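>>> I need the structure of the sequence given here:
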Amino acid sequence: WRMSQTQTQTEANTEAPSQSLEDFREALRSSILEGIPDELPPPATLDASVPHAIRRPINLSESEFTLAIENALRYFDPRHHAELIPEFAEELRVWGHIYMFRFRPTSFPMRAYPISWYPARTQHAASIMLMIQNNLDPLVAQYPHELVTYGGNGSVFQNWIQYRLCMRYLSEMEEDQTLVMYSGHPMGLFPSTPDGPRVVITNGMVIPNYSSKSDYERMYALGVSMYGQMTAGSWCYIGPQGIVHGTTITVKNAGRKYLGSENLTGKVFVTSGLGGMSGAQAKAGVIVGAISVVAEINKDALYKRHRQGWVKDVCTNLDECVDLVKTCRREGRVTSIGYLGNIVDLWERLGKEEELLVELGSDQTSLHNPYLGGYYPVGLTFEESNEMMTKNPELFKTKVQESLRRHVDAINLLTSRGMKFWDYGNSFLLEAKRANADIMSNDGQAFRYPSYVEDIMGDIFSLGFGPFRWVCTSGLDSDLAETDAIAARVFEEISPESSKKSQEQFSDNLLWIKQAHSHRLVVGSQARILYSDAQGRSRLALAFNEAVKNGKLKGPVVISRDHHDVSGADSPYRETSNIRDGSSFCADMAVHNFVGDSFRGATWVALHNGGGTGWGESINGGFGMVLDGSERTASKIKLMLQWDVLNGVSRRSWARNDNAMETIELAMKDEPKLKVTVPNKTDKKDLIQQSFKKMQQ
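Here you go, the predicted structure:
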């Protein structure tokens, strides 16, 4: 809370010197209880102090334009319509979407205040409010005023009235009600049961034949659907720390697999992107002891990470950047370098060096959204790209695809000399293929490069290990320190009881949690992440719940996970890319996870179309669970968390993944009521091939 308090006082000094913390608390409570204002607040002016979303090109017919305005007006008393119509029409024309800027609360800084600040009838509802606030904190969110948390278009709500209405419903919610959310729209509170979820969220759930990118643009403009990314629309984002850990584990395991070494001192990791999720890469490289070099074309994003200490050195020209890389390699210096410029220019410059200066390479541009700010083509400035994508989208698409072809050619040159490259699940390979880049292997069927899940993380998921997160709702950094200590103790107890493969993962994560505080990872809420399996997650959650009960923790703990997890996402180019039984395009796992979590104890559940790989490219889901110290919560923990992990392990086992088959057999021994169908492998492939040849005759 000290960090949040300092931030709040700073804003109070710059924005409203006469306001105190108590003033902000009262303003927050009043805004939440007000919901949709009876009288219209004054029109908003664009706030230049925060970054803003791309102005989306609008391709609506007259009837669709009319429908979008009518849809927006549904929230308001007809006496306000005459004033709002021209304003909403202008927002739609300029931004390609109606954000309802005038309804953004401005009487208090947007951030995750302690749970006691929220006017709620249940701790569960107050905890959910805290999580929403964190997703919209300007220190956390990519485009906070457009309600975009990360990824260029990963939205919390579609507009500010939905935020206000949702918070009002949460303030009224009782333990026998469930709030239903349709793509950002609060459909309402419905009678439920105390054991059911308090909120059920769906984002972008459309008929499969209508799930193209153009369908998304039209539906989003109409205000009827939205892209929730993963933890943006499920209200579980914890800032870049969430991806720092995953990137740390990925780079560490890449070193083991590709370089045969635990020691990455003097090794160079080159990638791109310092935005909402990709901003973690520089920090992760330092944590594993490497030299990380990250290209970023948006100076605001780069200098934001530099101010936060996540990027240590900034270079504004290629010669300076390459010289610094050489110096750090020679001296064995661990550092993170942010290059202000285009990643293609950087790759091409590295390719001209006589010496191979980079061992590991990847990419985290938001290629799930390539033509609306997710990828900036070489040869254009940041400002030129932003203008062209709106005013001449067809030419911009051509520029993006030309850039991708150069991008791939530069990477191919370096990999031919020994660099190892992987796709970071951002649709780099997919969009490069669509651009006709030289990205396919010699057989023309597979990609030249693996997805990081396919080649690095998939086997870890099959062991049941994935991103487990928690947030201390008290806002106290002392509570976060206590949970770190609890996590370390639990992992020290579990590791010796585990398989050799699992012990390596526990060891990595034990080191992570012991060092987490020193790495200053908190941005926004008092949150933490580590990777754990089903047993570890259950024991951690039970220990946290007990600490809340006995007063060691001063407030409830919210646990959740990234949708990018063992069971959370069906995504053939990322989470399920190492499932090779033909089912990688099937979405049964994610849907079952969403449904199963809902009746096993989750406080809220979410199911999304899209995710890191883009709209129409995956189905993924997540959950939040409030640990309030009660016996009822303790009884739910193992039931829910075991299912949330073992559902995916079972699916991966059925796909004949060796790690998953071993893991699910051990799980069945531990839990007599768990009975999973396991596969039989065949050694008769030659007979199958003979049968095929006979069929062809």
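
>>> When you work out contacts or count neighbours from here on, use the C-alpha atoms and nothing else.
Fine.

>>> mind checking how far stretch 534-543 is from the chain centre?
What separates the centre of stretch 534-543 from the centre of its chain is 23 Å, taken as CA atoms, centre = their mean, to the nearest Å.

>>> Can I get it in PDB, CA atoms only?
The C-alpha coordinates for stretch 534-543 follow below in PDB (Å, rounded to 0.1, in the frame of the first residue of the first chain):
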ATOM      1  CA  ALA A 534      -2.000 -28.800  -9.100                       C
ATOM      2  CA  GLN A 535      -0.600 -30.000  -5.800                       C
ATOM      3  CA  GLY A 536       1.400 -26.800  -5.300                       C
ATOM      4  CA  ARG A 537      -1.400 -24.500  -6.200                       C
ATOM      5  CA  SER A 538      -3.800 -26.200  -3.800                       C
ATOM      6  CA  ARG A 539      -1.300 -26.200  -0.900                       C
ATOM      7  CA  LEU A 540      -0.400 -22.500  -1.500                       C
ATOM      8  CA  ALA A 541      -4.100 -21.500  -1.600                       C
ATOM      9  CA  LEU A 542      -4.900 -23.500   1.600                       C
ATOM     10  CA  ALA A 543      -1.900 -21.800   3.300                       C
END
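
>>> ok, A488 touching A516?
No: in this structure A488 lies outside contact range of A516 using CA atoms under 8 Å: 10.9 Å.

>>> hmm, which helix or strand of this structure has the shakiest average pLDDT?
When the helices and strands of the chain are scored by mean pLDDT, DSSP states H and E, helix 2-15 comes last with a mean of 36.

>>> after it, next one along is what?
Following helix 2-15 in sequence order, the next helix or strand is helix 21-34 (DSSP states H and E).

>>> Which strands and helices lie in contact with that following helix?
helix 160-172 (3 or more CA pairs under 8 Å, 6 or more residues apart in numbering; DSSP states H and E).

>>> Point out the other helices and strands that the very next helix or strand once past the helix it packs on packs with.
Following helix 160-172 in sequence order, the next helix or strand is strand 177-182 (DSSP H and E). Here strand 177-182 touches strand 185-191, strand 199-203, going by 3+ CA pairs under 8 Å, 6+ apart.

>>> among those, which is the most enclosed?
Of the helices and strands packed on strand 177-182, the one with the most neighbours on average (mean count of other CA atoms under 10 Å) is strand 199-203, at a mean of 25.

>>> for it, packing partners?
strand 177-182, strand 604-609.

>>> in its sheet, what does the first one sit against?
The reference is to strand 177-182. strand 185-191 (antiparallel), strand 199-203 (parallel) (DSSP bridges).

>>> repeat for the last one
Paired with strand 604-609 in the same sheet, following DSSP bridges, are strand 199-203 (parallel), strand 619-627 (antiparallel).

>>> what would those strands look like in TSV with mean pLDDT and distance to R305?
Converted to TSV, those look like this (pLDDT from 0 to 100; distance: least, CA to CA, whole Å):
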stretch	mean pLDDT	distance to R305
strand 199-203	98	30
strand 619-627	97	27
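
>>> what's the closest of these to L430?
Evaluated over the strands paired with strand 604-609, closeness to L430 peaks at strand 619-627, with 16.8 Å, by CA to CA.

>>> chain center to that closest one: distance?
Taking mean C-alpha positions (CA atoms, centre = their mean), strand 619-627 and its chain are 13 Å apart.

>>> picking that back up, Y220 is nearest to which of the strands paired with strand 604-609?
strand 199-203 (11.2 Å).

>>> Next secondary structure after the closest one?
helix 213-222.

>>> Can you list the buried residues in that next one?
Using 16 or more other CA atoms under 10 Å as the test for burial, helix 213-222 gives D215, Y216, E217, R218, M219, Y220, A221, L222.

>>> Let's see it as CSV, backbone CA atoms only.
C-alpha atoms of helix 213-222 as CSV (Å, rounded to 0.1, in the frame of the first residue of the first chain):
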residue,chain,number,x,y,z
LYS,A,213,-11.1,-9.9,-38.0
SER,A,214,-13.5,-7.8,-40.2
ASP,A,215,-16.5,-9.3,-38.2
TYR,A,216,-14.7,-8.2,-35.0
GLU,A,217,-14.2,-4.7,-36.3
ARG,A,218,-17.9,-4.4,-37.2
MET,A,219,-19.2,-5.9,-34.0
TYR,A,220,-16.9,-3.8,-31.9
ALA,A,221,-17.9,-0.6,-33.7
LEU,A,222,-21.6,-1.6,-33.2
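
>>> Does anything pack onto that helix? Which helices or strands?
helix 62-73.

>>> Apply 6 Å and report the result again.
Helix 213-222 is packed against no helix or strand, with contacts defined by 3 or more CA pairs under 6 Å, 6 or more residues apart in numbering; DSSP states H and E.

>>> Compare the helices and strands packed on strand 199-203 and give me the one nearest I291.
Closest approach to I291 among those is made by strand 604-609 (35.7 Å; CA to CA).

>>> per-residue confidence averaged over the closest one?
For strand 604-609, mean pLDDT rounds to 98.

>>> Which residues does that strand contact?
Residues from elsewhere that reach strand 604-609 (CA atoms under 6 Å, 6 or more residues apart in numbering): 197-205, 234, 615, 619-624.

>>> Repeat that for stretch 85-100.
Counting by CA under 6 Å, 6+ apart, R55, R56, P57, I58, N159, W160, A221 sit against stretch 85-100.
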